[in-house]
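Student: Pasted the sequence and its predicted model underneath.
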Amino acid sequence: MTDRIADIYGLRTPHAKGTVWPARVDQYLDPGTEERDVESWVQSACLLCSNGCGMDIAVKDGRMVGVRGRATDVVNHGRLGPKGLYGSTRWASAGDRLTRPLVREGGRLVETDWDTAMGRIVEKSRALLDEKGPLSHGFYTSGQLFLEEYYTLAVIGKAGLGTPHMDGNTRLCTATSAAAFKESFGADGQPGSYTDIEHCDAIFLYGHNMPETQTVLWMRILDRTRGDDPPRIVCVDPRRTLVALEAERTGGVHLAPRVGTNLALMNGLTRELFEHGWVDDDWVAARTLGVDELRSTVEEWTPEKVADVCGVDADDVRRAARIFGESEGVLSTVLQGFYQSHQATAASVAVHNLHLLRGMIGRPGAGILQMNGQPTAQNNRECGADGDLPGFRNWDNPTHVQQLADAWDVDVMTIPHWAPPTHAMQIFSYAEAGSIGLLWISATNPAVSMPESARIRRILDGDQCFVIVQDLFLTETAELADVVLPAAGWGEKTGCFTNVNRTVHLSEKAVEPPGEARSDLDIFLMYADAMGFTNSSGQPLIGWRTPEEAFDAWAAVTAGRPVDYTGLSYDKLRGLSGIPWPVNEEHPDGTDRLYADAVFPTDTDYCETYGHDLATGGTVTETEHRAMNPAGRAFLKGAAYTPAHEEPSENFPLLYTTGRTVYHFHTRTKTGRSGDLNRAAPDAWVELSAADAAARGIEEGDWVRVASPRGAIEVRARVGNVMAGAVFAPFHYGHWEPGADLGGGHDDANRRLANELTMTVWDPVSKQPTFKTAACQVTRLRAGDGPSPAPTTTASAPDTDRPPPAPQRRPRATQGGKPTTSTQPPATPYYLLDPSQPPERASTSSFAEGDR
Amino acid sequence: MPHLTTYIGLADHSEKTLADSFRAAAEGHAHVADVFHICQMFAEWSEDNREALAPIIQRYGEADDVDEPERLHAAGLAETRKGEVGLLRDLQDLHVLATLVQTTWTVIAQGAQGLRDRDLLEVAQHAGDQTSRQLTWLNTRMKQAAPQALIVAP
Ligand code: SF4
C-alpha cells in the first residue's frame, strides 16, 4: 500500500541499458471499494497530461470508483502517477457538475433546456452570418477533447461556416512544438519514441520539469538512471528541479540560464559542436540544408559570451556540449521552459539542429521529444481545431486545400485558406474589438490560463461579443458566458486521443453523464443540424452520428499524409493498447519512430509549411521554397539572440516565471476536486531564492505581494530553489476554491492568479504566448502563521542548503494520499515495436491479447 | 561618382525615415502586441544598417547638394491611423517605404560591384537582405490582417 502523494514515483524497477522497461501495475480504488466489488473495468487512457498512460476505469453501481494501469500498454507498462490515480474519477461525481444548460437573463445565468440554449446560439449565429459573414465567428477549444470532437468542429468551422478563427488552448502549451517540427522537418510529427529512453547514453531536458509534468515518463528515466550503464542527465532550467538533482547525481550538468536567454545558450552549444568537430559532415551534407548559415549565426557564441549573457558557467557549457558531442545516442526533451519563453520557436528548433548536426535521429536512443502539455493537444493539431488544415496539410498549397474540398464535397473557396489561421491571442483581440461577435469556448478556462487575465475577463464579460462556454463545471470563464452548455467528460463518452509520442488510445464510455450533460461531439452535431450545414450535393455536411463514424471519417482524410490513421479502427485499438501513427498498409502495427530513413516531409508539394523567418515570423513563399529544393532534406535554421521584451528594471528588478506543480493539472478543474491532490498543494505560493528573500526581509511562509507592470498577486513565500534574481509562481490557481472537505476554503482566492502579471506577447512563429519572461518586484506584506503551502516533494521544496526556518515555519512533508497498490506481473508483457524485445517473443509472451 | 554618393545619402536618409516610421507604428499600435515588438526590432535593424554605412559615408563624403534622386524621397509615417483598417494602411505605407530602401540598396550594390568596393558591397547586400526580411514580414502581416479589416471590422 503506497501513499503516492508522498511517494510520487513509487518503487523503482531499475534495469540495464537496452533492456525492456519492466511492467508494474498501479491501482487505486475509492475507500470502501474492494477489487472484487468492481463490476467492470473499462478500457481507456489517462487524460490528465500529455503522457497518455493506458488505464482501465473501475465501474461499480454506475459510478467510476478507481483506475488501474494497463500492463500491456506501450506508454506506461502499467504505471500511473498521482494525478492519474487520484484525479481521474473524483470530479465526475462532484456535487457542482453542470447538469443543465444555462442562459443569461437580466445579467444572471439561469437554468434552461437544450432547445432554448441551442436556439439562442443558432439565432445569434444566423444573425451574425447574415450581417457580417463567417469571420464574425470564433472558436476556442482545448487540449482535452477527443479526436472525433476536434475533427467534427474543424469541419463545421472550415466547411460549414468558413471561418479561419479557430484555435485551442494548445496555443498556450504546445504550439511551439508543432511550429518547431514544421520549420525543421517540413511537417508536424514527433520524431522520437519513449523507447529511446532504454537505448540512449544521455538525456537532455530543456525547460522540461518532467518529474512534475509527466511523472510516469520520469519513472521510466529513473529506472534507467538507477540501473546498470545509466545515461547522464543534462538539465536546462532556472530552478533546481528533481531533474537538476538527477543531473548532479549522474555526472551530467545543470545549466540554469537567466530567464529569457535560452537561445543564447543553444547558440553556444551549437557552436561547440562545430568547434570540436562533433558534426557528421557527410550526413549533414546529404540530409540537411543550411549548415553554413547556421555556422555563421552561432559563430560569436563562445562559452564565455554565453556565460556572460546567460549567467551560467562557461565550463558547464563546454561539459554539456561534450556530453552531446561524444554520446552515441542522445534523447532530447523540450517543454514549457522553452515554449513559453522568449524566442520559443528558435530555441526549440536549435534542439533539432544539434541532433541533425550529429545525424542523431531515427534510431533507438537518438531521438527528440518535443513535449505537449495537455493530453489531447496532439489531436487538436492533427485535426485542425488549432486553425491548421486537417492531416498536416499546407494552407498555402492549393492542391492540399482541394483534397479537403473533395473529401467534404464543398466549394474550395469556402475553406479559409487565404491567410494563416488566426491564433488564440488574435482571436481574443478581435473579440475585444467586437469584430468577432460570437466566441465559442469548449473545455477550457481562459479567464485563468491566458496572459494578462484581467483583460481576458473584460473581453468575455463585455457586450461586444456573445460568449458560449461548454464545460463540466461553472468555471471562472463560464461565469462570464451568455450561454453555458453542460458537457459530458472523460469516462462518460467514447473517443480517441493521441499522446505526445503519436500513440493513439481508445477511451470507452464507462458511465452515463449526469443530468442533461452531453458529449462535446453531440453538442457540435446538434449545432450543425440546427444550422443546416450541407455539402454541394445538398446532403448534411457532417455525415456521421457516432464517435466511431467520426473516427473513420477522420482516418480517411489522413490517407497519404504523415499523420496516417488509415490502418486504425476502434477494433484495432482494443486489446494490447497504444498504437503510434502512422498506421497504414506499409506499417500495419504502427511506427515506433519517424525518419529512420532520414527522409523528411520537406518536399515542396508534400510539406505542411514553406517555413518562416524565425526572428520575425515572415513566411517563406512557395517559389522560394521550391528554389531551395529541399527534397526530403531537413532544414538547419538559426536565429540571432535578442534580449527579452521585458527586462528587469529598477522598479521591477526580478524576473517572473510561471509554471506548474505535480499535483495539479491546468486550472484545477479536475485535480482541485480530488482531496488527495488538492490537500497536497492547496493554495498558491511564490518561490524566491534565499538571497532575494533575505534582501527583502522575507521568511518562509510570509505573505508577500508580487507585482509586475500589469498586475499583482498576494501569496505566501517559499524560500526555495529558484535561481537568484528569478521568482516562480504556479499558474493553476484562479478564484474558484473547493470546499474545506477537500482542503479548500482559502480566503486569498481573489488575489493569487499568476497570469495577472504576465504579458500579452507571443512568439513570432508559433504564436505561443510568453508566460515566462516578465519583470516583477516582491515586497513583504506581513508575517505568515506557518510555512507556505508549496509542496516539499518537488522543485518547490525548501532550500536545503540553508539552515531550516523556525519550527512553526518549517515546511511539513507533503503526504497523505489514500492507499494505492503496485504489483509487478510475473513476466514482462510483449510490447509491439519495442526495440528492446526481439520480435520472436511475440508468440511466447505470457500475455495473450486482451489481457488487461 | 557624384550620383553614387547621392544614393548613399539616400540610403542613409531613407533608412532613418523607415526606422522612425517603424517606431511610430509601434507606438501607434502598441496594443497590437506583435506589431509593437516587431516594429521596434525593425527600427533597430534600420539603425544598424545606417551604423554600418557610417564609415563609408565618411569615405565618400556627404552629397546633400545633388538633389536629383531626392524625387524618390518617400515621406515617413508621421501619424498612425486607428483600428484594424488603420493598421492595414500603416503597414502598407511601411511597405512602400521599405521598398524604396530595398531598391536603393540594390542600386548601391551594383555601383559597389562596378567600383570593386568590397566594404560597400557587403554593407549594401546585408542591408538589402535585412530589408527583404522586413518586407516579407509586412507582407505576411498584411495578408493576415486584410480579411478581418476589410470585411468585418467596425
Ligand atoms: S503521467 Fe500523465 S497520463 Fe500518466 S497517470 Fe500521470 S497524469 Fe496521467
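Tutor: Nice, I can see it.
Student: Contact residues of chain B facing chain A?
Tutor: B:32-34, B:37-38, B:41-42, B:83-84, B:133-134, B:136-137, B:139-140, B:143-144, B:146-148, B:151-154 (Cβ under 8 Å from any Cβ of the partner chain). From N, CA and C alone the C-beta is placed, and that goes for glycine too.
Student: Break chain A down into its domains, please.
Tutor: Domain assignment for chain A by automatic domain parsing gives A:24-95+A:812-847, A:102-174+A:376-580, A:176-371, A:654-798.
Student: longest helix anywhere in chain B?
Tutor: Secondary structure assigned by DSSP state H gives helix B:83-115 as the longest helix of chain B.
Student: Just give me how far it sits from the chain centre.
Tutor: 5 Å (Cα atoms, centre = their mean, to the nearest Å).
Student: List the buried residues for that helix?
Tutor: Buried residues in helix B:83-115, defined by neighbour count with 16 or more other Cβ atoms under 10 Å in any protein chain shown: B:84-85, B:87-88, B:90-91, B:93-95, B:97-98, B:100-102, B:104-105, B:107-109, B:111-112.
Student: coming back round to it: same list, the domains of chain A, but as TSV with mean pLDDT please.
Tutor: TSV is the format used below for the domains of chain A (pLDDT from 0 to 100):
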stretch	mean pLDDT
domain A:24-95+A:812-847	91
domain A:102-174+A:376-580	94
domain A:176-371	96
domain A:654-798	89
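Student: Tell me, please, where in chain B the pLDDT is lower than the cut-off.
Tutor: B:1, B:62-74 (pLDDT under 70).
Student: Helices of that one, residue ranges please.
Tutor: Per DSSP H, chain B carries helices over the ranges B:2-28, B:33-60, B:83-115, B:118-147.
Student: and the first one, which residues are buried?
Tutor: When neighbours are counted by 16+ other Cβ under 10 Å, the buried residues of helix B:2-28 are found to be B:4-15, B:17-26, B:28.
Student: ditto for the second one
Tutor: For helix B:33-60, burial by neighbour count (16+ other Cβ under 10 Å) applies to B:33-43, B:45-47, B:49-50, B:52-53, B:56-57, B:60.
Student: and the ligand, which of those reach it?
Tutor: Checking those against the ligand by Cβ under 6 Å from any ligand atom, not one of them is in range.
Student: For chain A, which residue gets nearest to chain B?
Tutor: Residue nearest to chain B within chain A: residue A:618 (3.4 Å; Cβ to the nearest Cβ).
Student: Okay, that residue and the ligand: tell me how far apart.
Tutor: Distance from residue A:618 to the ligand, counting by Cβ to the nearest ligand atom, to the nearest Å: 37 Å.
Student: quick one: contacts for that residue?
Tutor: Shown in contact with residue A:618 (Cβ atoms under 8 Å, 6 or more residues apart in numbering or on different chains): A:612, B:133, B:136-137, B:139-140.
Student: now the residues you listed in a markdown table, with distance to residue A:565 and neighbour count?
Tutor: Shown next, in a markdown table, are the contacts of residue A:618 (distance: Cβ to Cβ, whole Å; neighbours: other Cβ atoms under 10 Å in any protein chain shown):
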| residue | distance to residue A:565 | neighbour count |
| --- | --- | --- |
| A:612 | 27 | 23 |
| B:133 | 38 | 16 |
| B:136 | 35 | 20 |
| B:137 | 36 | 27 |
| B:139 | 36 | 16 |
| B:140 | 32 | 22 |
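Student: what sits against the residue nearest the centre of chain B?
Tutor: The structure's chain B has its C-alpha centroid closest to residue B:98; by Cα atoms, centre = their mean the separation is 3.6 Å. Counting by Cβ under 8 Å, 6+ apart, residue B:98 touches B:18, B:131, B:134-135, B:138.
Student: Count the neighbours of the spatially closest residue to residue A:521 that is not a sequence neighbour for me.
Tutor: Distances taken as Cβ to Cβ, 6 or more residues apart in numbering or on different chains place residue A:149 nearest to residue A:521, at 4.8 Å, with adjacent residues excluded. Using other Cβ atoms under 10 Å in any protein chain shown as the criterion, residue A:149 is surrounded by 32 other residues.
Student: Thanks a lot, see you next time.
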